[in-house]
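Chemist: mind looking at a prediction? Sequence and model below.
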Amino acid sequence: MRAIQITEFGGPEVLVPAELPDPEPGPDGFLVEVSRSGVNYADTHQAENSYLAAASLPMVPGAEIAGRAADGRRVVGMVSGGGYAQRAVADPGMTFEIPEGVSDEAALALLVQGATAWVLLRKNVRMEAGESVVVHAAAGGVGTLAVQLAKAFGAGRVIAVASSAAKRDLALELGADTAVDSAAPDMTTALIEANGGKRVDAVLDMVGGRVTDESLRSLAPFGRLAFYGMASREQPSPVKLPSLMRFSTTVSGMWLPHARTLPGDVVGDAMAEMFAMVAEGRLRPVLGETYPLSEARRAHEDLRARATIGKLTLDPSK
(Lines give C-alpha, C1' and ligand atoms only; values in the text may rest on other atoms or scores of the structure.)
Protein backbone atom coordinates (compact mmCIF):
# COMPACT_ATOMS: atom_id res chain seq x y z
CA MET A 1 0.00 0.00 0.00
CA ARG A 2 0.99 3.63 -0.45
CA ALA A 3 2.00 5.35 2.81
CA ILE A 4 4.20 8.01 4.39
CA GLN A 5 7.01 6.64 6.51
CA ILE A 6 9.33 8.42 8.93
CA THR A 7 12.72 6.77 9.53
CA GLU A 8 14.42 9.71 11.27
CA PHE A 9 13.04 12.55 13.36
CA GLY A 10 13.06 16.07 12.03
CA GLY A 11 11.04 18.64 10.13
CA PRO A 12 8.69 18.15 7.18
CA GLU A 13 11.55 16.73 5.10
CA VAL A 14 11.39 13.43 7.03
CA LEU A 15 7.93 12.60 5.59
CA VAL A 16 8.84 10.20 2.79
CA PRO A 17 6.44 8.29 0.48
CA ALA A 18 6.89 4.51 0.70
CA GLU A 19 5.28 1.23 -0.35
CA LEU A 20 4.51 -0.84 2.73
CA PRO A 21 2.58 -4.03 3.57
CA ASP A 22 -1.04 -3.65 4.63
CA PRO A 23 -1.43 -3.43 8.42
CA GLU A 24 -2.86 -6.48 10.18
CA PRO A 25 -5.82 -5.86 12.52
CA GLY A 26 -5.61 -7.44 15.94
CA PRO A 27 -8.58 -9.09 17.66
CA ASP A 28 -10.01 -5.71 18.71
CA GLY A 29 -9.43 -3.78 15.49
CA PHE A 30 -10.68 -3.67 11.91
CA LEU A 31 -9.25 -2.54 8.61
CA VAL A 32 -10.40 0.69 6.94
CA GLU A 33 -9.88 1.61 3.29
CA VAL A 34 -8.82 5.21 3.84
CA SER A 35 -10.38 7.90 1.65
CA ARG A 36 -8.95 10.84 3.58
CA SER A 37 -6.28 11.18 6.27
CA GLY A 38 -6.52 14.09 8.69
CA VAL A 39 -3.57 16.39 9.29
CA ASN A 40 -3.16 17.93 12.73
CA TYR A 41 -0.63 20.38 14.13
CA ALA A 42 0.30 17.67 16.62
CA ASP A 43 1.57 15.62 13.65
CA THR A 44 4.32 18.19 13.10
CA HIS A 45 5.46 17.66 16.69
CA GLN A 46 5.31 13.89 16.31
CA ALA A 47 7.58 14.07 13.25
CA GLU A 48 10.29 15.72 15.33
CA ASN A 49 9.49 13.65 18.45
CA SER A 50 8.51 16.71 20.50
CA TYR A 51 4.93 15.63 21.19
CA LEU A 52 3.44 14.62 24.55
CA ALA A 53 3.69 10.92 23.70
CA ALA A 54 7.15 9.75 22.63
CA ALA A 55 7.35 8.22 19.14
CA SER A 56 9.46 5.32 17.90
CA LEU A 57 10.95 4.65 14.47
CA PRO A 58 10.16 3.68 11.83
CA MET A 59 6.59 4.92 11.88
CA VAL A 60 3.68 5.86 9.69
CA PRO A 61 2.28 9.11 11.18
CA GLY A 62 -1.33 10.19 11.31
CA ALA A 63 -3.93 9.92 14.07
CA GLU A 64 -7.22 10.23 12.20
CA ILE A 65 -8.81 8.60 9.19
CA ALA A 66 -12.05 8.51 7.25
CA GLY A 67 -13.04 5.77 4.85
CA ARG A 68 -14.98 2.52 4.48
CA ALA A 69 -15.00 -0.55 6.65
CA ALA A 70 -15.27 -4.00 5.11
CA ASP A 71 -19.03 -4.01 5.74
CA GLY A 72 -19.42 -0.84 3.66
CA ARG A 73 -20.02 1.62 6.49
CA ARG A 74 -18.49 5.08 6.15
CA VAL A 75 -16.51 5.70 9.32
CA VAL A 76 -14.24 8.28 10.88
CA GLY A 77 -11.89 7.36 13.66
CA MET A 78 -8.86 8.13 15.76
CA VAL A 79 -5.96 5.73 15.32
CA SER A 80 -2.77 5.18 17.26
CA GLY A 81 -0.57 5.99 14.27
CA GLY A 82 -0.68 4.73 10.71
CA GLY A 83 -3.18 7.27 9.39
CA TYR A 84 -1.07 8.57 6.48
CA ALA A 85 -1.72 5.48 4.37
CA GLN A 86 -4.19 3.81 2.01
CA ARG A 87 -5.27 1.37 4.74
CA ALA A 88 -5.27 1.65 8.51
CA VAL A 89 -6.42 -0.31 11.54
CA ALA A 90 -9.26 1.29 13.51
CA ASP A 91 -10.43 0.80 17.09
CA PRO A 92 -14.23 0.31 17.34
CA GLY A 93 -14.25 2.31 20.56
CA MET A 94 -12.81 5.39 18.82
CA THR A 95 -14.67 5.06 15.51
CA PHE A 96 -17.91 6.77 14.56
CA GLU A 97 -20.25 6.14 11.65
CA ILE A 98 -20.50 9.16 9.35
CA PRO A 99 -24.13 10.18 8.85
CA GLU A 100 -25.60 10.95 5.45
CA GLY A 101 -25.02 14.52 4.36
CA VAL A 102 -21.65 14.81 6.12
CA SER A 103 -18.55 14.54 3.92
CA ASP A 104 -15.45 12.59 4.93
CA GLU A 105 -13.52 15.86 5.16
CA ALA A 106 -16.16 17.44 7.41
CA ALA A 107 -16.23 14.36 9.64
CA LEU A 108 -12.44 14.58 10.01
CA ALA A 109 -12.72 18.24 10.95
CA LEU A 110 -15.08 17.30 13.77
CA LEU A 111 -13.16 14.26 14.99
CA VAL A 112 -10.12 15.85 16.62
CA GLN A 113 -10.42 19.60 16.11
CA GLY A 114 -14.15 19.71 16.79
CA ALA A 115 -13.94 17.42 19.80
CA THR A 116 -11.00 19.46 21.09
CA ALA A 117 -12.98 22.71 20.83
CA TRP A 118 -16.01 21.05 22.47
CA VAL A 119 -14.01 19.67 25.41
CA LEU A 120 -12.12 22.96 25.89
CA LEU A 121 -15.39 24.88 26.17
CA ARG A 122 -17.42 22.30 28.10
CA LYS A 123 -14.80 20.75 30.40
CA ASN A 124 -11.81 23.11 30.67
CA VAL A 125 -13.12 26.67 30.78
CA ARG A 126 -16.71 25.54 31.51
CA MET A 127 -18.01 28.55 29.62
CA GLU A 128 -21.20 30.09 30.95
CA ALA A 129 -23.74 32.02 28.92
CA GLY A 130 -22.84 35.66 28.49
CA GLU A 131 -19.10 35.23 29.09
CA SER A 132 -16.35 36.54 26.82
CA VAL A 133 -14.19 33.95 25.08
CA VAL A 134 -10.86 34.51 23.30
CA VAL A 135 -10.00 32.02 20.55
CA HIS A 136 -6.37 32.10 19.42
CA ALA A 137 -5.56 30.71 15.94
CA ALA A 138 -9.21 31.37 15.13
CA ALA A 139 -8.88 30.43 11.45
CA GLY A 140 -7.36 27.02 12.15
CA GLY A 141 -9.03 23.64 12.46
CA VAL A 142 -9.86 24.00 16.16
CA GLY A 143 -10.32 27.76 16.05
CA THR A 144 -12.97 27.89 13.32
CA LEU A 145 -15.09 25.38 15.22
CA ALA A 146 -14.41 26.91 18.64
CA VAL A 147 -15.66 30.30 17.43
CA GLN A 148 -18.93 28.74 16.25
CA LEU A 149 -19.40 26.46 19.25
CA ALA A 150 -18.76 29.29 21.71
CA LYS A 151 -21.50 31.35 20.04
CA ALA A 152 -23.85 28.36 19.94
CA PHE A 153 -23.19 27.71 23.64
CA GLY A 154 -24.18 31.28 24.51
CA ALA A 155 -20.95 33.29 24.70
CA GLY A 156 -21.60 36.97 25.20
CA ARG A 157 -18.58 38.03 23.15
CA VAL A 158 -16.19 35.94 21.05
CA ILE A 159 -12.80 37.53 20.35
CA ALA A 160 -10.95 35.86 17.50
CA VAL A 161 -7.17 36.16 17.16
CA ALA A 162 -5.56 35.45 13.79
CA SER A 163 -2.48 36.37 11.76
CA SER A 164 -3.94 37.93 8.60
CA ALA A 165 -6.83 40.12 7.54
CA ALA A 166 -8.31 37.23 5.53
CA LYS A 167 -8.21 34.93 8.54
CA ARG A 168 -9.75 37.54 10.79
CA ASP A 169 -12.49 38.16 8.22
CA LEU A 170 -13.23 34.42 8.17
CA ALA A 171 -13.54 34.35 11.96
CA LEU A 172 -15.98 37.27 11.84
CA GLU A 173 -17.97 35.50 9.13
CA LEU A 174 -18.21 32.45 11.40
CA GLY A 175 -19.70 34.51 14.21
CA ALA A 176 -16.85 36.14 16.13
CA ASP A 177 -17.82 39.55 17.49
CA THR A 178 -14.42 41.10 16.90
CA ALA A 179 -10.95 40.07 15.75
CA VAL A 180 -7.41 40.85 16.90
CA ASP A 181 -4.12 40.62 15.00
CA SER A 182 -1.95 37.86 16.48
CA ALA A 183 1.06 40.15 15.94
CA ALA A 184 -0.32 42.77 18.35
CA PRO A 185 2.70 44.07 20.30
CA ASP A 186 0.85 43.77 23.63
CA MET A 187 -1.76 40.99 23.59
CA THR A 188 -3.01 41.89 27.08
CA THR A 189 -3.98 45.39 25.99
CA ALA A 190 -5.35 44.19 22.64
CA LEU A 191 -7.67 41.63 24.24
CA ILE A 192 -8.98 44.00 26.89
CA GLU A 193 -9.64 46.66 24.26
CA ALA A 194 -11.41 44.07 22.08
CA ASN A 195 -13.63 43.27 25.07
CA GLY A 196 -14.79 46.85 25.44
CA GLY A 197 -12.22 47.71 28.10
CA LYS A 198 -13.09 44.76 30.32
CA ARG A 199 -10.88 41.81 31.15
CA VAL A 200 -11.87 38.54 29.50
CA ASP A 201 -13.48 35.46 31.04
CA ALA A 202 -11.95 32.61 29.05
CA VAL A 203 -9.02 32.05 26.67
CA LEU A 204 -8.39 29.04 24.41
CA ASP A 205 -4.65 29.07 23.73
CA MET A 206 -2.48 26.86 21.54
CA VAL A 207 0.32 29.35 20.83
CA GLY A 208 2.66 29.48 23.82
CA GLY A 209 5.44 31.97 24.55
CA ARG A 210 4.58 35.60 25.14
CA VAL A 211 1.05 35.14 23.75
CA THR A 212 0.24 32.81 26.65
CA ASP A 213 1.87 35.11 29.19
CA GLU A 214 0.03 38.18 27.94
CA SER A 215 -3.29 36.34 27.53
CA LEU A 216 -3.08 35.17 31.13
CA ARG A 217 -2.67 38.77 32.25
CA SER A 218 -5.86 39.72 30.35
CA LEU A 219 -8.10 37.47 32.47
CA ALA A 220 -10.81 38.85 34.72
CA PRO A 221 -11.19 37.55 38.29
CA PHE A 222 -12.23 33.89 38.04
CA GLY A 223 -11.11 33.88 34.40
CA ARG A 224 -9.80 30.65 32.87
CA LEU A 225 -7.07 29.94 30.32
CA ALA A 226 -7.05 26.51 28.66
CA PHE A 227 -3.72 25.56 27.07
CA TYR A 228 -3.78 22.85 24.41
CA GLY A 229 -0.80 23.40 22.11
CA MET A 230 2.40 25.32 21.56
CA ALA A 231 2.48 26.37 17.91
CA SER A 232 5.16 28.98 18.53
CA ARG A 233 7.38 26.26 20.01
CA GLU A 234 8.21 28.83 22.72
CA GLN A 235 7.71 28.01 26.37
CA PRO A 236 5.49 30.41 28.32
CA SER A 237 6.75 31.74 31.64
CA PRO A 238 6.27 29.48 34.67
CA VAL A 239 2.90 29.98 36.32
CA LYS A 240 3.29 31.31 39.86
CA LEU A 241 0.68 29.92 42.22
CA PRO A 242 0.40 33.07 44.36
CA SER A 243 -0.47 35.00 41.19
CA LEU A 244 -3.35 32.61 40.50
CA MET A 245 -4.69 33.25 43.97
CA ARG A 246 -4.11 36.99 43.78
CA PHE A 247 -6.15 37.33 40.61
CA SER A 248 -8.51 34.34 41.16
CA THR A 249 -7.56 32.83 37.81
CA THR A 250 -7.34 29.25 36.58
CA VAL A 251 -4.92 27.70 34.09
CA SER A 252 -5.64 24.23 32.71
CA GLY A 253 -4.17 21.98 30.07
CA MET A 254 -5.95 19.63 27.71
CA TRP A 255 -4.84 16.61 25.68
CA LEU A 256 -7.81 15.02 23.93
CA PRO A 257 -6.89 11.36 24.63
CA HIS A 258 -7.53 12.03 28.31
CA ALA A 259 -11.20 12.68 27.50
CA ARG A 260 -11.48 8.93 26.96
CA THR A 261 -10.76 8.36 30.67
CA LEU A 262 -13.76 10.40 31.83
CA PRO A 263 -17.02 8.73 32.90
CA GLY A 264 -19.42 8.16 30.04
CA ASP A 265 -18.53 8.73 26.40
CA VAL A 266 -17.39 12.35 26.24
CA VAL A 267 -15.98 12.22 22.72
CA GLY A 268 -19.04 10.29 21.51
CA ASP A 269 -21.31 12.91 23.07
CA ALA A 270 -19.31 15.68 21.39
CA MET A 271 -19.47 13.96 18.00
CA ALA A 272 -23.22 13.30 18.26
CA GLU A 273 -23.95 16.93 19.15
CA MET A 274 -21.71 18.30 16.40
CA PHE A 275 -23.01 15.89 13.72
CA ALA A 276 -26.52 17.10 14.56
CA MET A 277 -25.44 20.73 14.42
CA VAL A 278 -23.85 20.21 11.00
CA ALA A 279 -26.99 18.48 9.70
CA GLU A 280 -29.11 21.37 10.98
CA GLY A 281 -26.82 23.98 9.43
CA ARG A 282 -25.78 25.40 12.80
CA LEU A 283 -22.12 24.39 12.51
CA ARG A 284 -19.91 24.68 9.42
CA PRO A 285 -16.61 22.81 9.36
CA VAL A 286 -14.16 24.96 7.43
CA LEU A 287 -12.33 22.72 5.00
CA GLY A 288 -8.83 23.59 3.92
CA GLU A 289 -6.71 22.06 1.19
CA THR A 290 -6.66 18.36 0.39
CA TYR A 291 -3.09 17.38 -0.49
CA PRO A 292 -2.00 14.24 -2.35
CA LEU A 293 -0.58 11.77 0.17
CA SER A 294 2.73 12.04 -1.68
CA GLU A 295 2.82 15.75 -0.74
CA ALA A 296 2.40 15.29 3.02
CA ARG A 297 5.67 17.18 3.43
CA ARG A 298 4.13 20.27 1.80
CA ALA A 299 1.09 20.01 4.08
CA HIS A 300 3.37 20.11 7.14
CA GLU A 301 5.40 22.99 5.69
CA ASP A 302 2.25 25.02 5.07
CA LEU A 303 0.85 24.22 8.51
CA ARG A 304 4.02 25.24 10.31
CA ALA A 305 4.18 28.45 8.28
CA ARG A 306 0.61 29.33 9.35
CA ALA A 307 -0.27 29.47 5.67
CA THR A 308 -3.42 27.35 5.99
CA ILE A 309 -7.07 27.84 6.87
CA GLY A 310 -9.42 25.18 8.21
CA LYS A 311 -9.04 21.41 8.20
CA LEU A 312 -6.22 19.91 6.11
CA THR A 313 -6.49 16.39 4.70
CA LEU A 314 -4.47 13.97 2.58
CA ASP A 315 -5.78 11.93 -0.35
CA PRO A 316 -4.17 8.46 -0.16
CA SER A 317 -5.12 7.69 -3.77
CA LYS A 318 -2.55 10.21 -5.04
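Modeler: On my side now, so go ahead. Numbering: from 1, shown residues only.
Chemist: for Thr178, name its beta-bridge partners.
Modeler: Under DSSP bridges, the beta-bridge partners of Thr178 are Ile159.
Chemist: tell me who's in contact with it.
Modeler: 157, 159-160, 172, 194 (Cβ atoms under 8 Å, 6 or more residues apart in numbering). Heads up, the C-betas are built off the backbone N, CA and C, glycines and all.
Chemist: check Phe9 too.
Modeler: Shown in contact with Phe9 (Cβ under 8 Å, 6+ apart): 47-49, 55, 57.
Chemist: repeat that for 6 Å
Modeler: Residues in contact with Phe9 (Cβ atoms under 6 Å, 6 or more residues apart in numbering) are 48-49.
Chemist: what do you get for the one 5 residues further on?
Modeler: Neighbour list for Val14: 6, 8, 47 [criterion: Cβ under 6 Å, 6+ apart].
Chemist: now those residues as JSON lines including secondary structure?
Modeler: Below are the contacts of Val14 laid out as JSON lines (DSSP: H, G, I helix; E, B strand; the rest coil):
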{"residue": "Ile6", "secondary structure": "strand"}
{"residue": "Glu8", "secondary structure": "coil"}
{"residue": "Ala47", "secondary structure": "helix"}
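Chemist: please identify which of these is nearest to Gly130.
Modeler: Each of those was checked against Gly130 using Cβ to Cβ; the closest is Ala47, at 41.5 Å.
Chemist: neighbours of that closest one, how many?
Modeler: 26 (other Cβ atoms under 10 Å).
Chemist: relative to Gly310, how far out is it?
Modeler: Counting by Cβ to Cβ, to the nearest Å, the gap from Ala47 to Gly310 is 21 Å.
Chemist: what do you get for Pro292?
Modeler: As judged by Cβ to Cβ, Pro292 and Gly310 stand 18 Å apart.
Chemist: between the two, point out the one with more neighbours.
Modeler: The residue with more neighbours, out of Pro292 and Gly310, is Gly310; 21 against 15, by other Cβ under 10 Å.
Chemist: touching, Ala129 and Gly154? I think so.
Modeler: Yes: using Cβ atoms under 6 Å, Ala129 makes contact with Gly154 at a distance of 3.4 Å.
Chemist: who's more crowded, those two?
Modeler: Higher neighbour count among Ala129 and Gly154: Gly154, with 11 against 8, using other Cβ under 10 Å.
Chemist: just the pLDDT for the more buried one.
Modeler: Each residue has a pLDDT score; the one for Gly154 is 97.
Chemist: Leu31: neighbour count?
Modeler: Neighbour number of Leu31 under other Cβ under 10 Å is 17.
Chemist: now it: closest residue in space that isn't a chain neighbour?
Modeler: Closest residue to Leu31 apart from its sequence neighbours, by Cβ to Cβ, 6 or more residues apart in numbering: Pro25 at 5.2 Å.
Chemist: on the three-state scheme, the one you found is what?
Modeler: coil.
Chemist: ok, back up a step: between the contacts of Thr178, identify the one with the most neighbours.
Modeler: If you count neighbours using other Cβ under 10 Å, the busiest of the contacts of Thr178 is Ala160, which has 31 neighbours.
Chemist: right, and it touches Ala179 too?
Modeler: Yes: in this structure Ala160 lies within contact range of Ala179 using Cβ under 6 Å: 4.5 Å.
Chemist: need the residues touching each of the two.
Modeler: Residues touching both Ala160 and Ala179 (Cβ under 6 Å, 6+ apart) are Ala171.
Chemist: may I see the contacts of Val14 organised as TSV, with pLDDT and distance to Arg168 added?
Modeler: Formatted as TSV, the contacts of Val14 follow (pLDDT from 0 to 100; distance: Cβ to Cβ, whole Å):
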residue	pLDDT	distance to Arg168
Ile6	97	35
Glu8	96	38
Ala47	92	29
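Chemist: count the neighbours of Gly196 for me.
Modeler: For Gly196, the count of nearby residues is 10 (other Cβ under 10 Å).
Chemist: what's near enough to touch Phe30?
Modeler: Applying Cβ under 6 Å, 6+ apart, we find Phe30 in contact with 69, 90.
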